[in-house]
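**Student:** using only what follows, build the 3D model:
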Amino acid sequence: MTKDATDQWYNPRDVSTTLVKGFAVLSAFDDARLRLSLPEIGQKTGYDRATVRRLVITLVDLGLLAKTDKTFSLTPEILGLAGNYLRGHGIGTTLQPILNSYSERIGVEISLATMSEGSALYIARSHMSGSAVSFGFTVGSRLPLLHTALGRMLLGTLDPETAAEHIRTDKLIQYTPRTLLAPQAIKGEIQKARAQGYSVVVAEFEPGVAGLAVPVGRLGTAKAVIGVSGPVAKIQEAETQDLYLSTLHICAGEIDRVWVEGV
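**Tutor:** All right, here's what the predicted structure looks like:
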């Protein structure tokens, strides 16, 4: 559950456990495993075979899963749900032109992300003609909160107690030799991001790749962040970093002014 206890307008007993389990099955599929068998879905969800079978049959009937031999995979129908969100929140009509414009100015793609289920979730990404570098992330991609610039900046927008809870409970994974694993060191980087209004992470999630991120809106009220990624040597150039950060702050300010509905 992600609902804040201070805004609990329903009784948790009224939550449909079947629907929750259905979404858990859909979430079992990721870029590492595009196809899963019933036993594999059971292993990833923790549900027994009979439960998994009923859920999968229902999702196939709804058109959200497709069966091939003994394995199952997501269908493009799943994008319809995301499309409704993107259109309803003006991602394409309002935010995309802004991201594209500032991306062209600095020659690197800009991403917009929000926090979702313990991850930084991409909800928009600029389209730049002739982009020289692409790191393979798209709308809907998830990044770890603790080891990326987008994630740490999102944590930096939260109150210190909530951010500390993520440090205590989120899984620590050694993505690269430079990944910080000491909770106090990670806490220090999040505090630094909060104090300076931007986050810099160097080669902690992907070797040779660094990231910068700034909040969209004021710290404490920001619900999203924007950021860029690039080769470490490029991002660490003082002149380039200053250009990227100043552009990101201006871009974030424009998004904050026009994106009335927020996330």
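**Student:** the worst-scoring helix or strand of the chain on mean pLDDT packs against which elements?
**Tutor:** The least trusted helix or strand in the chain, going by mean pLDDT, DSSP states H and E, turns out to be helix 79-88, with a mean of 80. For helix 79-88, the packing partners by 3 or more CB pairs under 8 Å, 6 or more residues apart in numbering; DSSP states H and E come out as strand 119-125. C-beta: built from backbone N, CA, C; applies to glycine.
**Student:** other residues contacting the least confident helix or strand of the chain?
**Tutor:** Ile91, Gly92, Ile123, Ala124, Val139, Gly140, Glu261 (CB atoms under 8 Å, 6 or more residues apart in numbering).
**Student:** next secondary structure after it?
**Tutor:** Following helix 79-88 in sequence order, the next helix or strand is helix 96-106 (DSSP states H and E).
**Student:** list the buried residues in that following helix.
**Tutor:** In terms of neighbour count (16 or more other CB atoms under 10 Å), helix 96-106 has its buried residues at Gln96, Ile98, Leu99, Asn100, Tyr102, Ser103, Ile106.
**Student:** and those residues, which two are furthest apart?
**Tutor:** Gln96 and Ile106 (16.5 Å; CB to CB).
**Student:** remind me which residues of the stretch 51-200 of the chain are low pLDDT?
**Tutor:** 128-136 (pLDDT under 70).
**Student:** can you show me the helices along it?
**Tutor:** 79-88, 96-106, 149-156, 160-169, 183-196 (DSSP state H, counting those that start in this stretch).
**Student:** tell me the most buried of the ones you listed?
**Tutor:** Looking across the helices of the stretch 51-200 of the chain with neighbours counted as mean count of other CB atoms under 10 Å, the highest average goes to helix 149-156: a mean of 30.
**Student:** so what touches that one?
**Tutor:** Counting by CB under 8 Å, 6+ apart, helix 149-156 makes contact with 111, 113-115, 119-120, 143-146, 163, 166, 186, 189-191, 193-194, 198-201, 210-215, 219, 225, 227, 229, all of which sit outside it.
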